[in-house]
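S.K.: model this:
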Amino acid sequence: MVEKFLAEVLGTGALVLLGDGVVAGVLLARSKAQNSGWIVITSGWAFAVMVGVLIAGPISGAHLNPAVTLGLAINGARRGTRRPSRPAR
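M.R.: Numbers count the residues shown, from 1 in each chain. Below is the predicted model:
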């Protein structure tokens, strides 16, 4: 159980670090990504979710985002076997 918790913490940490990092890069003055637009933010967050899922997926099922849980349910993967009682935040 501890390894699942740590996997979720690391996956969520990577998600927040990368996602917020790309937003900061776009919005902060004098950064190389300043004013690069919404497509960079969207791509950065998509990459951040992918990295978080790759980190936590093999260990805990990667339910770091409700969208991941919903996507797994729609895809039919792991039919409710490791679904948490509430989504991680």
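S.K.: and what about the residue of the chain most remote from its centre, helix, strand or coil?
M.R.: The C-alpha centroid of the chain is most remote from Arg30, which lies 27.2 Å away (Cα atoms, centre = their mean). For Arg30, the assignment made with DSSP: H, G, I helix; E, B strand; the rest coil gives coil.
S.K.: separation between Ile41 and Val49?
M.R.: Distance of Ile41 to Val49, given as Cβ to Cβ, to the nearest Å: 13 Å. Every residue, glycine included, has its C-beta placed from N, CA and C.
S.K.: enumerate every residue touching Gly37.
M.R.: Listed by Cβ atoms under 8 Å, 6 or more residues apart in numbering, the contact set of Gly37 reads Val26.
S.K.: tell me how far it lies from Gly57.
M.R.: Here the criterion is Cβ to Cβ. By it, Gly37 lies 30 Å from Gly57.
S.K.: same question for Met50.
M.R.: Counting by Cβ to Cβ - Met50 and Gly57 are separated by 10 Å.
S.K.: give me the more crowded residue out of these two.
M.R.: The neighbour comparison of Met50 against Gly57 (other Cβ atoms under 10 Å) goes to Gly57, with 17 against 14.
S.K.: please name the nearest non-neighbouring residue to that one.
M.R.: In space, and not counting its chain neighbours, Gly57 is closest to Gly11: 7.8 Å by Cβ to Cβ, 6 or more residues apart in numbering.
S.K.: show the contacting residues for the one you found.
M.R.: Gly11 is in contact with Gly52, Val53, Ile55, Ala56, Gly57, Ser60, Ala62, Leu64, counting by Cβ under 8 Å, 6+ apart.
S.K.: ok, now which ones touch the third one?
M.R.: When contacts are counted by Cβ under 8 Å, 6+ apart, Ile55 is found next to Ala7, Leu10, Gly11, Ala14, Ala62.
S.K.: could you pull up the mean pLDDT of stretch 41-57?
M.R.: For stretch 41-57, mean pLDDT is 90.
S.K.: please read the previous query as pertaining to stretch 19-28.
M.R.: Averaging pLDDT along stretch 19-28 gives 92.
S.K.: tell me the buried residues in that stretch?
M.R.: Going by neighbour count (16 or more other Cβ atoms under 10 Å), the buried part of stretch 19-28 is Gly19, Val22, Gly25, Val26.
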